[in-house]
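Trainee: need the 3D shape of this:
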Amino acid sequence: MYVNSKAKEQSTFDAIVVGSGISGGWAAKELCEGGMKTLLLDRGRDVKHISDYHTAALNPWDFESRLLNTQKDKEESPIQSAVFDESNKHFFVKDIEHPYEQADPFHWIRGYQVGGRSLTWGRQCYRLSDLDFEANLKEGIAIDWPIRYKDIEPWYSYVENFVGISGKAEGLPHLPDGEFLPPMEMNILEEHFKSKVEGAFRDRCVTIGRTANLTRGWKGRNACMYRNLCKRGCPFGGYFSSNAATIPAAEQTGNLTLRPFSIVTELLFDQDKRKATGVRILDTETMNTYEYYAKIIFLNASTIATTSILFNSCSSRFPIGFGNSSGQVGKNLMDHHSRVGAEGFFEGFEDNYYTGRRPNVVYIPRFRNLRIKEQNYLRGFGYQAYAEREPWQLKLERLKGFGKSFADKITKPGIWRMRLGGFGECLPYERNRVTLNTAKSDKWGLPLVNITFTFGANEAAMRKDMEESAKEMLSVSGFKNIKGFDYSTVGGDCIHEMGTARMGHNPKNSVLNKWNQIHEAKNVFITDGSCMTSSANQNPSLTYMALTARACNFALEQVKTGLL
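Mentor: Numbers count the residues shown, from 1 in each chain. Okay, here's the model as predicted:
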């Protein structure tokens, strides 16, 4: 019988990266450019930039269901179908094939393919500040972050200069400016709103969103075409994704090996060396298992999946999960809370319209509790807003009729309207957690994830202010028929899940150190949302990217000096 004596050698790399989304793509790029032979693993299929965006150029009438979800879609994916449509449902899992348990309602939105959710993310990019990094310590909430803004500031600039983020500098200390491409334009009503709000409230700023959509060619990618079809994949490379940017950069080095269809079932640990030696994977096409080995491992499968891998990686050293002597793995799950704000109509500017479909919002940064606690809750919120001429779909809700005269009414630009939606910070609660139900398994034999999550009294109090403040700003700007809204929201709705393997100073109450290393296995790094010690209220992906680049730089230095 033939035995491959080089099997282990052929399965050994300098680095392994688990997950190819926002942070995993960055880890692959940085490690490959640092000279590391890197294996990038993803549990889903490969998605090639441009050639695999098969719906990108289609018109609404080209789709069988005219972009509507079918009853079958809703039955097979009751969670995912709330965020996909016919044009991009192939970038999301089928819930029926990927079950999980919810002790409380939690919408776990997932895309299992190379690129992950970097293909479908909202692209808003905001820096955190020391208002965020110091909040836990000052307020006695959870534990202190082991880093401050000065530690991550140069890495924000580093990733921004590669990603390409359009935006406007505003000089706000609690929302630091970045390295921006020219900003997108506000339309005439948004400019009017900005003038009125900033004139009435000295503490409020209205600015164009800071988005990873290019306003000019950048790093070999083309400018955004203002189609607002980003969720289908952009054949122009007009927005940042792993597929369009970081993975191609990693491939150009010749150091990348990409392996799709590979579920990482556990981390391998050497008790004598006190290091991880590699990973065990399940090939989803053959159902065979394989082992791969490396000096360093970046675990970037996304918050809940990363936590699942840690829990599945039990040994005599880690009986309750890899790196979990603190007992903190899985705890402190966070997500932002949203679906609250206000909208109104504006009489005027009837002779004005706007050009294109801008894939961006107007942003109102946090203005509550900046210096002192001034409300009956901690932390704060921001708004993402937009103004538009009422579209024909909404006209149908209030206009009745038929024939040519009716068609003329609904095809003419409607009245101006504006909508403000809040995004609020969620405090880290130990009760909000991810666990595994080992009594039940999925079709790959892995235990089912169980999620326990509820927002608290602090978030409930904040939501009242989020609605009232939105109505207040619309009122001072001259809007009519103003209506507040607070729709039922549950964890996961913002698709910003984070926490569960938090950074901290002390191994007794945290999982990771200031370099995103697992305290008890220094050659394993986690830089996806799992690492977050608090959530802030800003969209978090830019912070994941900066932390990943910073951790990779540290890991490369440690390898060169023989410390890893």
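Trainee: only C-alpha atoms from now on, for both contacts and neighbour counts.
Mentor: OK.
Trainee: how about Leu229: what's its closest non-neighbour residue?
Mentor: Ala56 (7.2 Å; Cα to Cα, 6 or more residues apart in numbering).
Trainee: helix, strand or coil for the one you found?
Mentor: coil (DSSP: H, G, I helix; E, B strand; the rest coil).
Trainee: just give me the neighbour total for it.
Mentor: 19 (other Cα atoms under 10 Å).
Trainee: next one: Ile208
Mentor: If we define neighbours as other Cα under 10 Å, then Ile208 has 24 of them.
Trainee: same thing with Glu9?
Mentor: There are 11 residues near Glu9, going by other Cα under 10 Å.
Trainee: make sure it is indeed in a helix.
Mentor: Yes: with three-state DSSP as the criterion, Glu9 is part of a helix.
Trainee: tell me how far it lies from Ala212.
Mentor: 40 Å (Cα to Cα, to the nearest Å).
Trainee: tell me the domain ranges of the chain?
Mentor: The chain breaks down by automatic domain parsing into domains covering 13-164+240-333+431-439+493-564, 178-237+337-424+454-489.
Trainee: for the shortest one, give the distance from the opening residue to the closing one.
Mentor: When the termini of domain 178-237+337-424+454-489 are compared using Cα to Cα, they are 31 Å apart.
Trainee: what about it, distance to the chain center?
Mentor: 20 Å (Cα atoms, centre = their mean, to the nearest Å).
Trainee: so where is the stretch 201-350 of the chain shaky, pLDDT-wise?
Mentor: For the stretch 201-350 of the chain, no stretch is flagged by pLDDT under 70.
Trainee: without its sequence neighbours, what residue ends up closest to Ser326?
Mentor: That would be Lys508: by Cα to Cα, 6+ apart, it lies 4.8 Å from Ser326.
Trainee: what residues does Gln517 make contact with?
Mentor: Asn523, Val524, Phe525, Ile526 (Cα atoms under 8 Å, 6 or more residues apart in numbering).
Trainee: can you add secondary structure and give the residues you listed back as a markdown table?
Mentor: Listed next are the contacts of Gln517 as a markdown table, based on three-state DSSP:
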| residue | secondary structure |
| --- | --- |
| Asn523 | strand |
| Val524 | strand |
| Phe525 | strand |
| Ile526 | coil |
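Trainee: return the member of these nearest to Val83.
Mentor: Ile526 (27.2 Å; Cα to Cα).
Trainee: quick check: bridge partners of the closest residue to that closest one other than its chain neighbours?
Mentor: Nearest non-adjacent residue to Ile526, counting by Cα to Cα, 6+ apart: Leu299, 5.0 Å away. Beta-bridge partners of Leu299, counted by DSSP bridges, are Val18.
Trainee: returning to what we had before: any idea which of the contacts of Gln517 is closest to Val340?
Mentor: Nearest to Val340 among the contacts of Gln517, with distances taken as Cα to Cα, is Ile526, at 32.2 Å.
Trainee: please enumerate the helices of the stretch 301-450 of the chain.
Mentor: Along the stretch 301-450 of the chain, counting by DSSP state H, counting those that start in this stretch, helices occupy 303-312, 392-398, 403-411.
Trainee: and the first one, what other elements does it pack with?
Mentor: So the one you mean is helix 303-312. strand 262-270, strand 433-441 (3 or more Cα pairs under 8 Å, 6 or more residues apart in numbering; DSSP states H and E).
Trainee: the inter-axis angle of it versus strand 433-441?
Mentor: 60 degrees (axes from the mean of the first three to the mean of the last three Cα atoms, to 10 degrees).
Trainee: strand 262-270 and helix 303-312, what's the angle between them?
Mentor: 40 degrees.
Trainee: just how off-centre is helix 303-312 within its chain?
Mentor: On Cα atoms, centre = their mean, the centre of helix 303-312 falls 17 Å from the chain's centre.
Trainee: in it, which residues are buried?
Mentor: Applying a neighbour-count criterion of 16 or more other Cα atoms under 10 Å, one finds Thr303, Ile304, Ala305, Thr306, Thr307, Ser308, Ile309, Leu310, Phe311, Asn312 buried in helix 303-312.
Trainee: and the fifth one, what does it touch?
Mentor: Read that as Thr307. Contact partners of Thr307, counting by Cα under 8 Å, 6+ apart, are Val329, Gly330, Val434, Thr500, Ala501, Ser530.
Trainee: 6 Å - rerun?
Mentor: Residues counted as contacts of Thr307 (Cα atoms under 6 Å, 6 or more residues apart in numbering) are Gly330.
Trainee: begin at 266 from here
Mentor: With the count now opening at 266, the last piece we talked about shows up as Thr572.
Trainee: quickly note the distance from it to Lys540.
Mentor: Taking Cα to Cα, one finds Thr572 at 18 Å from Lys540.
Trainee: with the fourth one instead?
Mentor: Distance check for Thr571 against Lys540: by Cα to Cα, it reads 18 Å.
Trainee: next, Lys638: phi, psi?
Mentor: Here is the backbone geometry of Lys638 (degrees, to the nearest 10): phi -80, psi 110.
Trainee: ok, it - how many residues close by?
Mentor: Neighbours of Lys638 (other Cα under 10 Å): 11.
Trainee: so Ala766 makes contact with Met797?
Mentor: No: judged on Cα atoms under 6 Å, Ala766 makes no contact with Met797 at a distance of 7.4 Å.
Trainee: okay, those two: which has more neighbours?
Mentor: The residue with more neighbours, out of Ala766 and Met797, is Ala766; 33 against 28, by other Cα under 10 Å.
Trainee: ok, now which ones touch that one?
Mentor: Val594, Val776, Ser795, Cys796.
Trainee: would you list those in JSON lines and tack on neighbour count?
Mentor: Converted to JSON lines, the contacts of Ala766 look like this (neighbours: other Cα atoms under 10 Å):
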{"residue": "Val594", "neighbour count": "29"}
{"residue": "Val776", "neighbour count": "29"}
{"residue": "Ser795", "neighbour count": "32"}
{"residue": "Cys796", "neighbour count": "26"}
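Trainee: for the chain, give me the ranges with low pLDDT.
Mentor: 266-272.
Trainee: what helix or strand does Glu737 sit in?
Mentor: helix 722-741 (DSSP states H and E).
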